[in-house]
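# Any chance you could fold what I've pasted below:
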Amino acid sequence: QVQLVESGGGLAQPGGSLRLSCAASGFTFSAHAMSWARQAPGKGLEWVSGIYSDGSDIYNADSVKGRFTIPRDNAKDRVHLQINSLRPEDTALYYCSREMGGFCWGRYDYWGQGTQVTVSS
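Numbering: from 1, shown residues only. Model prediction:
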């Protein structure tokens with residue numbers, strides 16, 4: 001069955017970096033676009049980054065442009081979220097999601113369980 005397992009979260013200081021990972025299994029990873037979203041305490045779900053199935057195009061929310069990147073490794077069935085210049089407002093539960101097709105159309109059909117990122121000095 002389809003599984004998405006996030007890892008790499010933790011406690012980090014403002015200005016630091018974290019690299020989140022999402023290990024995918026149970027489907028042809030290279031056929032699906034992937035995205036990351038986050039949910040801060042007391043707030044709704046916010047989409048942050050997406051990448052096409054072949055990695056040819058990437059989208060980032062305005063709130064994270066210039067600080068977040070979303071590399072993927074189709075050989076290892078993994079997608080990452082590189083978070084630089086961490087801010088306290090980046091504190092959230094971060095989720096990996098699978099798009100139904102190869103493009104970032106915002107149609108998600110599977111989600112991981114999330115990994116917590118806490119930014120604090």
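# which stretches of the protein form helices?
Counting by DSSP state H, the chain forms no helices at all.
# Which residues are in contact with the residue nearest the centre of it?
In the chain, the centroid-proximal residue (Cα atoms, centre = their mean) is Trp36; its distance is 2.8 Å. Applying Cβ atoms under 8 Å, 6 or more residues apart in numbering, we find Trp36 in contact with 20, 22, 47-50, 68, 70, 79, 81, 94-97. (Each C-beta comes from the backbone N, C-alpha and C, glycine too.)
# Leu20 versus that one, what's the distance?
Trp36 sits at a distance of 7 Å from Leu20 (criterion: Cβ to Cβ, to the nearest Å).
# Between those two, which contacts overlap?
Residues within reach of Trp36 and of Leu20 at once, by Cβ under 8 Å, 6+ apart, are 81, 94, 96.
# returning to that earlier point: most neighbours, which of the contacts of Trp36?
Val79 (30 neighbours; other Cβ atoms under 10 Å).
# would you turn the contacts of Trp36 into JSON lines with pLDDT and distance to Gly114?
Output for the contacts of Trp36, formatted as JSON lines (pLDDT from 0 to 100; distance: Cβ to Cβ, whole Å):
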{"residue": "Leu20", "pLDDT": "98", "distance to Gly114": "10"}
{"residue": "Cys22", "pLDDT": "98", "distance to Gly114": "10"}
{"residue": "Trp47", "pLDDT": "95", "distance to Gly114": "14"}
{"residue": "Val48", "pLDDT": "96", "distance to Gly114": "13"}
{"residue": "Ser49", "pLDDT": "96", "distance to Gly114": "15"}
{"residue": "Gly50", "pLDDT": "96", "distance to Gly114": "17"}
{"residue": "Phe68", "pLDDT": "96", "distance to Gly114": "16"}
{"residue": "Ile70", "pLDDT": "96", "distance to Gly114": "16"}
{"residue": "Val79", "pLDDT": "98", "distance to Gly114": "14"}
{"residue": "Leu81", "pLDDT": "98", "distance to Gly114": "12"}
{"residue": "Tyr94", "pLDDT": "98", "distance to Gly114": "6"}
{"residue": "Tyr95", "pLDDT": "98", "distance to Gly114": "5"}
{"residue": "Cys96", "pLDDT": "98", "distance to Gly114": "8"}
{"residue": "Ser97", "pLDDT": "97", "distance to Gly114": "10"}
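# Right, I'll call it a day here.
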